[in-house]
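> Dropping a prediction and its sequence here:
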Amino acid sequence: MEKIQLDRLRGIAVGAVVGDALGMPLEFHPPRPVYELVTEMIPGPLPAGSFTDDTEMALALAESLLAHLPLDAEDLVQRFCDWYQSNPSDMGIHISQVLRQVIHGTSWQEASHSVQAMDPDSASNGSLMRAWPLSIARWRHPDKLAEESRLQSEVTHIHPDCVSGCTFFTLLLAELVGQSEPLPPDAALRAAITTAAEQAQFHEEFHLIIDLAAVRSRELLANTGWVRHTIEASLWALLTTRSFEEALVQAVNLGNDADTTGAVTGAIAGALYGLSGIPQRWKDAIHGEYPIGTGKIWLCSDFIDLADRLNALNVPE
């Protein structure tokens with residue numbers, strides 16, 4: 001396997017966690033002024049460098065993939081329920097409503113549809129934030145990647161925007177990993193975005209958001225928990241910068257749902273610039289306990305090892 005591809009795969013995992021941790025203290029806050037951007041890991045609701053529920057749910061997905069391939073939705077939702085019952089420090093409202101029903105005996109299919117029916121227009125980013133492990137495990141198999149990306153979203157988020165957003169995100173990561181031509185980063189990203197958008201199944205309005213992301217002004221980026229806003233903000237940060245560090249700083253300083261936009265931006269930037277492009281001071285800072293209550297502390301080296309184990313599932317057809 002080419003070193004550059006391995007560097008990109010590891011970059012996805014570490015980049016997502018770095019983005020989650022850098023955005024953690026800025027979540028629920030207004031955008032930072034451009035002259036006062038946060039550029040270092042600082043404390044917030046958790047100690048500096050801590051990852052949040054975004055990474056915890058991604059780890060549940062990763063462990064499910066390592067135990068069952070193809071993805072087993074029943075196993076995945078059980079791991080999510082175990083996580084729910086471990087009393088995490090943060091959890092999205094939509095996810096908590098679905099998992100609460102499952103824990104009380106409702107099937108995940110019924111629970112997911114029931115919660116969606118309570119707010120039909122809800123299209124939050126809870127399934128997007130955790131989807132990156134699939135890209136590492138399935139990057140050689142885009143058809144299976146798309147299928148399982150849809151399934152992992154539907155376990156909790158069945159809105160078409162959530163399903164399509166996850167598919168686009170994971171296909172984009174896979175496209176970046178698999179690129180063989182030595183394109184400049186901006187050209188590589190644009191080419192991967194075009195291919196992923198063609199493969200993902202979403203309507204014209206979602207395409208327009210992706211096409212116009214680069215020309216949006218910072219002041220008009222809402223960066224809420226809506227999946228469209230997360231994708232828009234992440235692509236804006238990536239398309240208007242030239243390094244992992246610059247992209248991530250721009251993304252998390254949009255505030256609001258900063259940790260999730262950080263995780264999504266970090267995963268894409270990791271696939272684009274590789275593990276080697278992530279600042280060492282950020283890699284050294286990331287940490288967190290998972291499963292909660294077990295005393296198992298995850299550091300950067302553990303996420304590198306996780307990426308390698310997930311990639312080992314990629315047996316060429």
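In hand now; what should we look at? Numbering: from 1, shown residues only.
> Tell me which residue lies nearest the centroid of this structure.
In the chain, the centroid-proximal residue (C-alpha atoms, centre = their mean) is M129; its distance is 3.5 Å.
> That one: what secondary structure?
coil (DSSP: H, G, I helix; E, B strand; the rest coil).
> residues in contact with it?
20, 54, 57-58, 230, 260, 263-264 (C-beta atoms under 8 Å, 6 or more residues apart in numbering). For the C-beta atoms, the positions are set from N, CA and C on the backbone; glycine is no exception.
> what does A67 give?
A67 sits in contact with D75, where contact means C-beta under 8 Å, 6+ apart.
> now with 10 Å?
75-76, 79 (C-beta atoms under 10 Å, 6 or more residues apart in numbering).
> got it, and S164?
123, 149-150, 153, 197, 200-203, 206, 227-228, 231.
> Spatially nearest residue to H157 (excluding sequence neighbours)?
Of all residues not flanking H157 in the chain, S127 sits nearest, at 4.1 Å (C-beta to C-beta, 6 or more residues apart in numbering).
> need the strands for this protein, in chain order.
288-289, 297-298 (DSSP state E).
> Ok, which of the ones you listed comes nearest Y84?
strand 288-289 (15.7 Å; C-beta to C-beta).
> can you list contacts of the closest one?
17, 20-21, 24, 46-47, 49-52, 55-56, 59, 86, 89, 295-299, 302.
> any low-confidence regions in the protein?
1, 316-317 (pLDDT under 70).
> pull the longest helix from it.
Under DSSP state H, the helix in the chain containing the largest number of residues is helix 3-23.
> mind checking how far T167 is from Q78?
Distance, T167 to Q78, by C-beta to C-beta, to the nearest Å: 23 Å.
> More neighbours: these two, which one.
The neighbour count for T167 versus Q78, taken as other C-beta atoms under 10 Å, is higher for T167 (24 against 16).
> check contacts around that one.
Neighbour list for T167: 131, 134, 145-150, 153, 196, 199-202 [criterion: C-beta under 10 Å, 6+ apart].
> who does the longest helix of the chain touch, helix- and strand-wise?
Under the contact definition 3 or more C-beta pairs under 10 Å, 6 or more residues apart in numbering; DSSP states H and E, helix 3-23 sits against helix 53-67, helix 132-138, helix 160-178, helix 244-252, helix 258-273, helix 280-285, strand 288-289, helix 300-311.
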